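[1] Could you work out the structure for the sequence below:
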Amino acid sequence: MLSNKKLANRKLANKKLGNKNRVNKIRGTNKYQALRPTRYVTLIILTSLSLLSTYSASAGTSDKNALEEHASETPTSDTAINRVIADALHYPKALLQLPDGSWLVAERDGTVVTVPSTVDSSSKPSSPQQAGFAQASARKSLAQQKLPLVQLYQKGQGGLLHMALSPDFSTSKVILFSYSKGTDDANRLAIMRGVLSDDGQIEALTPVIEIKDSKATPVHFGGKLVAMDDGTWLVTTGDGFDYREQAQVLSSQLGKVLRFTIEGKPASNVPFNNAQFVYTLGHRNPQGLVKMQNGDVYLHEHGPDGGDELNKLAPGANYGWPVVTLGRDYSGATISPFNQYEGMVNPLVDWTPSIAPSSMAVYNHNTFPALSNHLLVSALKAKALYAVDLSSQPFQYRRVFSSINQRVRDVAIGNDGGVYVLTDGESAKLIQLLPPDPSVAGTSSGLAQISLLESNN
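    Presented below is the predicted three-dimensional model:
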């Protein structure tokens, strides 16, 4: 007869083996299955109650209290000038500045709105009060072009999603666009390229690549683009919400970051020979994607209810979803008891409660010196802009430019070093953020002018 100690050890070993087998089953699924969240919860709920206890205790904390645990108010002012330079934008998705200083705004229905270059310093309002009276460019007065995107699907989170300049734009004039295409029953992410003509029109639209997996949900498309130093591109793909187990399946292109050439071919050096387009896997709804000057690539993504995260990408790495998450299902059900797992990368920053991060930009400019070497993260649910300090270990983040207080869809850094934010919704705005006086930006009080809420992760 087994002793009590041996019996306990055998039960523990069996439990660990069972957990590992369940994870391997998720990661090794080859046959496509459109599992609904409730069925998936039934599949992966495990019996490790001890692992759940820590998370369950924290899950009962309200959003407000949880934020207060991670943040401290600092009695500082926020004197950056907000100037609305375009308004009445209709569900804009992305913002892109051209070398001449003008801006392209992508709206979800495929319309690209051109906003002329911003005013020079001599005509900038000299105070936040004056900025409120600055005349914005009405959308109806701006140049607009509706792109002929084949089978554009714009329900839910779909539509024209993102834009990026080719690294050789000065000579090629090539711009890449991502959008969702298809129908309610079968839609997917697609990439097109076009050429900006001398008269400002986008011409010669040509397909580059489209995701091979169709889905029947109008959400979690991803679509963020970034150019790599070797001439290849990265694009994020979402898990389609109802198909989240596919994020761990190499044969699926859902829940991944894909790498491709401008001709739509895989890169010459790939981490997975049997999935040549896959750069990284284990993503839920990846949104912000940026490349640093040294080649480092950072990505953030939406968790479910909690568990929004920032990661540094490495070729072939697995970022865990849905095996690892610090969030819960929207129903309140547990998705997984694991907050870390062997072979899967832990996030550099976790936002729980969720902030709903929507985009990201790298700031390195002397206009706001306190933001140098920071990632600026726009947020929808939190109605805020966050600055993540890349020089801190572990990464610290703080809320900046409190006067925004709107759902922010995109953030970009202008040629003038200003911060430009694109708000969200049916009547959205393009807002320019600059110091009231250029000389102020270079002083030691710069941080006090823009920092409102500082948080250690």
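[2] could you list every residue that touches L371?
    Each residue near L371 by CB atoms under 8 Å, 6 or more residues apart in numbering is listed here: Y363, H365, A387, V400, V419, I450. No exception for glycine: its C-beta is placed from N, CA and C like everyone else's.
[3] Relative to L385, how far out is it?
    Separation of L371 from L385 (CB to CB, to the nearest Å): 10 Å.
[4] Dig out what the nearest residue to V362 once chain neighbours are set aside forms beta bridges with.
    Counting by CB to CB, 6 or more residues apart in numbering, V290 is the residue found nearest to V362 once chain neighbours are left out, at 5.2 Å. Assessed by DSSP bridges, V290 has beta-bridge partners Y298.
[5] Please report the distance of V290 from A190.
    According to CB to CB, V290 and A190 sit 22 Å apart.
[6] between those two, which one's more packed in?
    Neighbour comparison, V290 and A190: the larger count goes to A190, with 24 against 18 (by other CB atoms under 10 Å).
[7] need the contact list for that one.
    Shown in contact with A190 (CB under 8 Å, 6+ apart): L149, V150, S178, Y179, S180, K181, P207, I209, E210, I211.
[8] ok, back up a step: what's the residue nearest to V362 in contact with, if anything?
    Applying CB under 8 Å, 6+ apart to V290 gives the contacts V226, V297, Y298, M360, A361, V362, L375.
[9] Cross the residues you listed against strands and list the overlap.
    V226, V297, Y298, M360, A361, V362, L375 (DSSP state E).
[10] Which of those residues sits closest to L98?
    A361 (15.9 Å; CB to CB).
[11] wouldn't that closest one be in contact with Y386 here?
    No - using CB atoms under 8 Å, A361 is not in contact with Y386; the gap is 11.4 Å.
[12] Looking at these two, which is more packed in?
    The residue with more neighbours, out of A361 and Y386, is Y386; 27 against 20, by other CB under 10 Å.
[13] Give me the secondary structure label for the more buried one.
    Secondary structure state of Y386, per DSSP: H, G, I helix; E, B strand; the rest coil, is strand.
[14] Provide the backbone phi and psi angles at I262.
    For I262, the backbone dihedrals (degrees, to the nearest 10) come out as phi -60, psi -20.
[15] Overlap in contacts, A361 and Y386.
    Taking CB under 8 Å, 6+ apart as the criterion, A361 and Y386 both touch L376.
[16] hmm, back to that, common neighbours of L371 and L385, please.
    The overlap between the contact sets of L371 and L385 (CB under 8 Å, 6+ apart) consists of V400, V419.
[17] Mind telling me what element Q406 is part of?
    Using DSSP states H and E, Q406 sits in no helix or strand.
[18] In three-state terms, how would T171 be classified?
    At T171 the chain is in helix, as set by three-state DSSP.
[19] Let me know the pLDDT of it.
    If you check T171, the pLDDT there is 97.
[20] Could you do N30 as well?
    Per-residue pLDDT puts N30 at 38.
[21] ok, now the one 3 residues further on?
    According to the prediction, Q33 has pLDDT 37.
[22] R407 too?
    For R407, the model assigns a pLDDT of 98.
[23] now S178
    98.
[24] quick one: secondary structure of Q246?
    Q246 - assigned by three-state DSSP - is helix.
[25] That one is in contact with V278, isn't it?
    No - applying CB under 8 Å as the test, Q246 and V278 come out as separate, 11.8 Å apart.
[26] higher neighbour count, these two?
    Legend: neighbour count by other CB under 10 Å for Q246 and V278, higher for Q246 (27 against 22).
[27] Of all the residues in stretch 272-287, which ones are buried?
    Buried residues in stretch 272-287, counting neighbours by 16 or more other CB atoms under 10 Å, are found at A275, F277, V278, Y279, T280, L281, G282, H283, R284, N285, P286, Q287.
[28] Just the mean pLDDT for that stretch, thanks.
    In this model, stretch 272-287 has an average pLDDT of 98.
[29] State the distance spanning the first to the last residue of that stretch.
    23 Å (CA to CA, to the nearest Å).
[30] try stretch 395-407
    Length of stretch 395-407, first residue to last, CA to CA: 24 Å.
[31] Can you say which helix or strand has the spatially most central residue of the chain in it?
    What sits nearest the mean C-alpha location of the chain, by CA atoms, centre = their mean, is Q287, with 2.1 Å. If you go by DSSP H and E, Q287 is part of strand 285-291.
[32] Return the distance of that strand from the chain's centre.
    4 Å (CA atoms, centre = their mean, to the nearest Å).
[33] And for stretch 401-410?
    15 Å.
[34] For that stretch, buried residues please.
    Residues of stretch 401-410 classed as buried: F401, S402, I404, Q406, R407, V408, R409, D410 (neighbour count, 16+ other CB under 10 Å).
[35] same thing with stretch 140-160?
    In terms of neighbour count (16+ other CB under 10 Å), stretch 140-160 has its buried residues at L142, L147, L149, L152, Y153, Q154, G156, Q157, G158, G159, L160.
[36] Name the residues that touch it?
    Outside stretch 140-160, the residues that reach it (CB under 8 Å, 6+ apart) are 86, 88, 91, 93-94, 106-116, 177-184, 187, 190, 192, 194, 200-202, 205, 207, 217-221.
[37] Give me the buried entries from the residues you listed.
    86, 88, 91, 93-94, 106-108, 110-115, 177-182, 187, 190, 192, 194, 202, 217-221.
[38] In space, what's closest to R259 - neighbours in sequence excluded?
    Per CB to CB, 6+ apart, closest to R259 is Y279, 4.2 Å.
[39] and the one you found, that's in a strand?
    Yes - secondary structure of Y279 (three-state DSSP): part of a strand.
[40] D229 versus L176, what's the distance?
    Using CB to CB, we find L176 at a distance of 16 Å from D229.
[41] Ignore what I typed, I meant S178.
    Per CB to CB, S178 is found 20 Å from D229.
[42] before we move on, what about L434?
    Distance from L434 to D229, by CB to CB: 31 Å.
[43] Sketch out the low-pLDDT regions of this protein for me.
    1-79, 118-136, 437-457 (pLDDT under 70).
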